[in-house]
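Asker: Generate coordinates for the sequence data below:
(one chain, ligands or ions: 1)
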Amino acid sequence: MNIAIETVKNSRLKDVDLSNIPFGRVFTDHMFVMDYYDGAWRDARIEGVSKMEMHPANMTLHYGQSIFEGMKASKNADGVPLLFRAEMHAKRMNASAERMCMPTIDEELFVEALRQLLALEKDWIPDMEGSALYIRPFMFATDEFLGVAPSQTYRFMILTLPVAPYYAHPVKLLASTEFIRAAEGGVGEAKTSGNYAASLYASKLAKEQGYDQVLWLDGVHHKYVQEVGTMNIFFHIGDKIITPQTDGAILKGITRDSFLHILQHWGYEVEERLISMEEVIEAHQNGTLKEVFGSGTAAVAAQVSEISYKKQTIKLNISEDNLAERLKTEINGLRKGDRDDIFGWIEPVLQTENA
Ligand code: COI
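Answerer: Just a heads-up that it's a prediction; the model follows:
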C-alpha cells in the first residue's frame, strides 16, 4: 500500500529542549494514520500531528476496543535511526487485535509505516544516554454505535515522542492481595487500554502509601507474582534468574524476552515459572535474594528497592555491579548500534524514497 506523505511547513523541534523532556507529553511533528472500512485497511498516510474529531457514540469510548504497542528507536553514531525488534511488536499488536476482535495489520505494512515515519522524524531522536524516541502504535474502534459488538471500522495510528528514562530512581512495590490486574482467561496478555485503566485505582492507593507501583499477583490465590503493569519482573535468587511464566494473564514483554536472551547468552540459568511471594520472602530471609528488577520498553530495566506483602517488607540493597544496570547498558547499547547485533534485532532505517 502506498503511504501518502504531507509534511508540516514548520517543525516544532526548534522549540523543544530534548535534554529535558517529561515522559509522554512532547510529540514529534508527524503521525501515521490509516483507516479500516469495507473489510480492509485503507488511506495510509503520514501527516502533521493534530486533534481528531470524534462522535460521542464512538465505540471505543463506550466498550474499550483499543490496543497499543510501546517501542523505541535510537540513532547510531552516524545518525541513522535504528528500529528495535519491529516485527515482534507487529506480531504482538496482531495478537492483541485478535484477542479484542479487531482487524490485524500486514506486518510488512506496520514496519514500513515505522520506517517512513522515522525517516521523517529522525532529528527528534535524542542522543542523551538513556533517552530515545518512543513509538506508540495504537488502534481503536471508530463505529458510531451503542450496541455491544465488534466495531466494523477502526483507525490505526503511530505517534512518536522523545523520552527520557521512565523511572528516575529504584521503585518501591506493593504486592496487592486486595486488587488484581488480570486473571487467567481474561485479557491480561493483550496490550489493551482496559488493563491500564484497571490498574489505576490500586496504583493510586499504593502511591498514597508511599509506593511507586503495584506488584500484581495472580487473581485466584493472590500469591503468585505476575507483573508490575508498566513492566515485567525478574528475581535474581542464588545463581538463577527467575521471571513469572506467561500464562495469558501476563503481558509478553519484548524487553522481557530480550533480557531472557541476553541473560542466557551471558551464561545465566534462567527460569520462566510460577514464583510465589512466599518464595521471594524466604529467599530474602536466607540471603539468596540478590536483586529484583523490572523490564519494559519505557522503563528499560528498573531496580526494585522494596516490596511489601501482607505487612512484611523486603528491603533490597542495590549493589554497584547490579544485573539491571548491566542489562540496561547492554540493551541501550544494542539499540544505539554500539554492540554487535548478534540476535538480529536491529534494523537501520535508511532514507526512504518518500521522505
Ligand atoms: C511500555 O513500556 O512501552 C509500555 O507500554 C508501558 C507504558 C504504559 C508506560
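
Asker: can I assume residue 133 sits in a strand?
Answerer: Yes - membership of residue 133 in a strand is supported by DSSP: H, G, I helix; E, B strand; the rest coil.

Asker: and it, what are its bridge partners?
Answerer: residue 73, residue 162 (DSSP bridges).

Asker: contacting residues for it?
Answerer: Shown in contact with residue 133 (CB atoms under 8 Å, 6 or more residues apart in numbering): 28, 72-74, 81, 118, 121, 124-126, 160-163. From N, CA and C alone the C-beta is placed, and that goes for glycine too.

Asker: now with 7 Å?
Answerer: Residue 133 makes contacts with 72, 73, 121, 124, 125, 160, 162, as judged by CB atoms under 7 Å, 6 or more residues apart in numbering.

Asker: quick check, nearest of these to residue 179?
Answerer: When those are compared for distance to residue 179 (CB to CB), residue 72 wins out at 29.5 Å.

Asker: distance of the closest one from residue 303?
Answerer: 19 Å (CB to CB, to the nearest Å).

Asker: Endpoint to endpoint, stretch 142-154 covers what distance?
Answerer: 5 Å (CA to CA, to the nearest Å).

Asker: Buried by neighbour count: which residues of it qualify?
Answerer: By neighbour count on 16 or more other CB atoms under 10 Å, the buried set for stretch 142-154 is 142, 143, 145, 151, 154.

Asker: got a pLDDT number for the third one?
Answerer: Read it as residue 145. Per-residue pLDDT puts residue 145 at 98.

Asker: So it sits against residue 56, correct?
Answerer: No - the pair residue 145 and residue 56 does not pass the contact test of CB atoms under 7 Å, sitting 11.7 Å apart.

Asker: one step back: among the contacts of residue 133, which one has the most neighbours?
Answerer: residue 160 (27 neighbours; other CB atoms under 10 Å).

Asker: contacting residues for the residue of the stretch 101-250 of the chain found nearest the ligand?
Answerer: Closest to the ligand within the stretch 101-250 of the chain is residue 230: 4.6 Å, counting by CB to the nearest ligand atom. By CB under 7 Å, 6+ apart, the contact list for residue 230 reads 213, 296, 298, 299.

Asker: which of those residues count as buried?
Answerer: Using 16+ other CB under 10 Å, the buried ones in the contacts of residue 230 are 213, 296, 298, 299.

Asker: Which of those residues sits closest to residue 252?
Answerer: residue 296 (12.0 Å).

Asker: what about the nearest residue in space to the closest one that is not next to it in sequence, how many residues close to it?
Answerer: Counting by CB to CB, 6 or more residues apart in numbering, residue 296 lies nearest to residue 231, which is 3.8 Å off, once chain neighbours are set aside. Residue 231 has 28 neighbouring residues, counting by other CB under 10 Å.

Asker: ok, residue 231 touching residue 297?
Answerer: No - contact criterion CB under 7 Å: residue 231 and residue 297 do not qualify, at 9.2 Å.

Asker: any idea how far residue 20 lies from the ligand?
Answerer: 19 Å (CB to the nearest ligand atom, to the nearest Å).

Asker: can I assume that residue sits in a strand?
Answerer: No - counting by three-state DSSP, residue 20 falls outside a strand, being coil.

Asker: residue contacts, it?
Answerer: With CB under 7 Å, 6+ apart, residue 20 has no contacts at all.

Asker: Same check on residue 309?
Answerer: 175, 277, 281.

Asker: separation between the second one and residue 53?
Answerer: To tie it back to what came earlier, the one meant is residue 277. 48 Å.

Asker: Which one's more surrounded, those two?
Answerer: residue 277 (21 against 5).

Asker: And for the more buried one, nearest residue in space, chain neighbours not counted?
Answerer: That would be residue 309: by CB to CB, 6+ apart, it lies 4.6 Å from residue 277.

Asker: one step back: of the buried residues of stretch 142-154, which pair is most distant in space?
Answerer: Checking these with CB to CB, the most distant pair is 145 and 154, at 12.9 Å.
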